[in-house]
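Enquirer: structure for the following, please:
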Amino acid sequence: MPEQSLPTGAVFLSYASQDAEAAARICEALQAAGIEVWFDRSELRGGDAWDSQIKKQIHDCALFLPIISAQTNARTEGYFRREWKLATRRLLDIADDAAFLVPVVVDETREADARVPEEFFRAQWSLLPGGETPPAFPQRVRELLGLDPAPISTAKAAATGAIKPSARKPALVQPSGTSLARRFVLPLIALLLVLGGGAVWYIEGTSDAPAAKPAATTAAPNEKSIAVLPFADMSAGKDQEYFADGLSEELLNLLAKLPELRVIGRTSSFQFKGRNEDLRAIGEKLNVAHILEGSVRKSGEKVRITAQLIRAADGSHLWSETYDRTLNDIFVVQDDIAGEVVQALKLTLLGTALTTRSKPQDLEAYNLALQGRFFLDRRGKVDFERAVAYFRRSRERDPGYAPAWAGLSRAYAQQADNGFVPAADGYGRAREAAEKALALDPQLADAHLAMGWVQLLYDWDWAAADASFRKALELEPGSALALRRAGDLAATLGRSGESIDLINKAIERDPLQPNHYNSLGQTLLAVNRDTEAEAAFRKALELDPDGPIRHLFLGLALLLQGKTDAALREMQQETDKGWRLSGLPLVFHALGRRSESDAALAALKDKYAEDSAYQVAEMHAFRGEADLAFEWLERAYAQRDGGVTGIKYDRLMRGLVGDPRYKAFLKKLKLPE
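Expert: The predicted model follows:
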């Protein structure tokens, strides 16, 4: 069929009769924006005259807007299906079908479950709940029609229900055919000029020991802020979750390289995975101005990726696109998405350079590494084992792929951190993998982070760990994990003010990561900000109520304030048995219940002597048993127990500070007195 241009005309609105009210709202919003709409309000459809008119309108319309809902899903017949069939036939006359179809969902129907012609899936979809239409929708329709923008007044927008933001669904279609020549580096550099944000946790107080408290309200987010939500897996088998997650994380990590851009960390962004939460609410919780989201539909070597950039304040779509590619193009697609975001925001470029990414020679190595990262983030013993297995397979497929080695280092270290493997074995393997990653790609921030963690927790090489974390932050200034780990090192060295500042910056980047609040709370305890530490620990518990160590830390903050009964309740609720046994001897001692304190401490020694020597030392120090405390500190040193890195800021150890053996132990650790 010869290529024909779209006629200059109206939008045809197709709907099931049960959706007439929603259709009317959409029609009114479009008409208020000066758009001609062909919208049949007749309840009595049918007849030759009607058929002739409908055929002519679908043939002549510029855009076809099918309304999709549970009502259309439930019906296999109806006039709307006849209209849909006519519209798909019309596509034969159109070169760019993506500029003709504008599917709209008016309820919770998911794209993957919708019973629509296959041609509809080539376009991106919009969600207009109940037909309530944000101003960006008619404005975008005007763009698709080739009309000049026509601002909608606030009053008119309110009258048409246009001020409610859309929820997380695929956005308004935009013409496809994006050039592969659009590269990532320069456009993404420009992105930092427009996006950004503010903190949800802030500091005040003395210069060396600032206080921290959760902000009840936050200022409007700065324009230089973005959250990358996890892309939805729309694959038929629903078995590509790891791939969709990996794509989202790749985009997030690329953006985090930019020093002026506040990119929300993975933990916080992924809190909203599968929740279909209103975008305005997500924007408020993360305090960001923009949201990037999308979906992945993968089948064999073919992949369809949709992406949309959304203004969080009102749910309006700044840009959207669909990419039909092969897996070999996955890095090009990531570059294209970033380039389109920059173009949509009309940014000015600056002469700044970004480091290049490590790319595998074997695509399957990339796929296996994504699966390794997927299980690494689940954090259970079996998950860590599966992560190790996937990273090893990735390494075997492509020995030169640095991210696989860095991921393997993290997995080994996590096994050692959690006592799932002996420390010497786990950290030793982690170091070897990190060294290999650094040799392959010295510009890989994850590799420096992995090495820094081994240097901090096992080697106790403070200068080397400091250099590693600084390099990671130089390469990826927006990394919340790098900021927190640098903060943990500062606390180890007794630099409490610096530690609090760094950890608060991590919280700004990743406000829903509970471990940030635990780190903050520990440092606040070190400088006697006990009530603020309590608030931080409560936030961690709120974010992760079933996670290990949450109740223990909260109980400790209460104990140090003299709230022993409340502390006991928290310690008894601790979900991890080992940590529970680490807390109960403290509280029972404070309550004067000596025999119960002895019994809990004996149980800790009996079950966890090889993993918790430092915690045993803490118990004895708090109970005033200095000789036993130093005996167990020496055992912790011999076991390379990572707990000793906290000795300088550990309130439970304060009873030992005046003892000459304390200074000797610090010297042994090469820590400043």
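
Enquirer: mind checking the pLDDT average for stretch 142-162?
Expert: For stretch 142-162, the mean per-residue pLDDT is 53.

Enquirer: send me stretch 11-31 as PDB with only the CA atoms.
Expert: Provided in PDB are the C-alpha atoms of stretch 11-31 (Å, rounded to 0.1, in the frame of the first residue of the first chain):
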ATOM      1  CA  VAL A  11      -9.900  12.600  17.100                       C
ATOM      2  CA  PHE A  12     -12.200   9.600  17.000                       C
ATOM      3  CA  LEU A  13     -13.200   8.400  20.400                       C
ATOM      4  CA  SER A  14     -14.100   4.700  20.600                       C
ATOM      5  CA  TYR A  15     -15.700   3.300  23.800                       C
ATOM      6  CA  ALA A  16     -18.000   0.700  25.200                       C
ATOM      7  CA  SER A  17     -21.400   2.100  26.300                       C
ATOM      8  CA  GLN A  18     -20.700   1.300  29.900                       C
ATOM      9  CA  ASP A  19     -17.700   3.700  29.700                       C
ATOM     10  CA  ALA A  20     -19.700   6.600  28.300                       C
ATOM     11  CA  GLU A  21     -19.200   8.800  31.400                       C
ATOM     12  CA  ALA A  22     -15.400   8.400  31.300                       C
ATOM     13  CA  ALA A  23     -15.400   9.000  27.500                       C
ATOM     14  CA  ALA A  24     -17.500  12.200  28.000                       C
ATOM     15  CA  ARG A  25     -14.900  13.500  30.400                       C
ATOM     16  CA  ILE A  26     -12.000  12.800  28.000                       C
ATOM     17  CA  CYS A  27     -14.000  14.400  25.200                       C
ATOM     18  CA  GLU A  28     -14.700  17.600  27.200                       C
ATOM     19  CA  ALA A  29     -11.000  17.900  28.100                       C
ATOM     20  CA  LEU A  30     -10.000  17.600  24.500                       C
ATOM     21  CA  GLN A  31     -12.600  20.000  23.300                       C
END
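
Enquirer: quick one: distance of that stretch to the chain centre.
Expert: With Cα atoms, centre = their mean, to the nearest Å as the basis, stretch 11-31 stands 36 Å off its chain's centre.

Enquirer: for the chain, which element, helix or strand, carries the lowest mean pLDDT?
Expert: Sorting the helices and strands of the chain by mean pLDDT, DSSP states H and E puts strand 201-205 at the bottom, at a mean of 30.

Enquirer: show me what contacts the closest residue to A312 other than its chain neighbours?
Expert: Of all residues not flanking A312 in the chain, G283 sits nearest, at 2.6 Å (Cβ to Cβ, 6 or more residues apart in numbering). Bear in mind the C-beta positions are built from the backbone N, C-alpha and C, glycine included. G283 makes contact with P221, A227, A289, I291, A312, A313, according to Cβ atoms under 8 Å, 6 or more residues apart in numbering.

Enquirer: which residues are in contact with the nearest residue to Y662 once chain neighbours are set aside?
Expert: Nearest non-adjacent residue to Y662, counting by Cβ to Cβ, 6+ apart: L656, 4.5 Å away. By Cβ under 8 Å, 6+ apart, L656 lies in contact with A621, A626, A629, F630, Y662.

Enquirer: check D19 too.
Expert: Counting by Cβ under 8 Å, 6+ apart, D19 touches I67, S69, Q71, T72, V106, G131.
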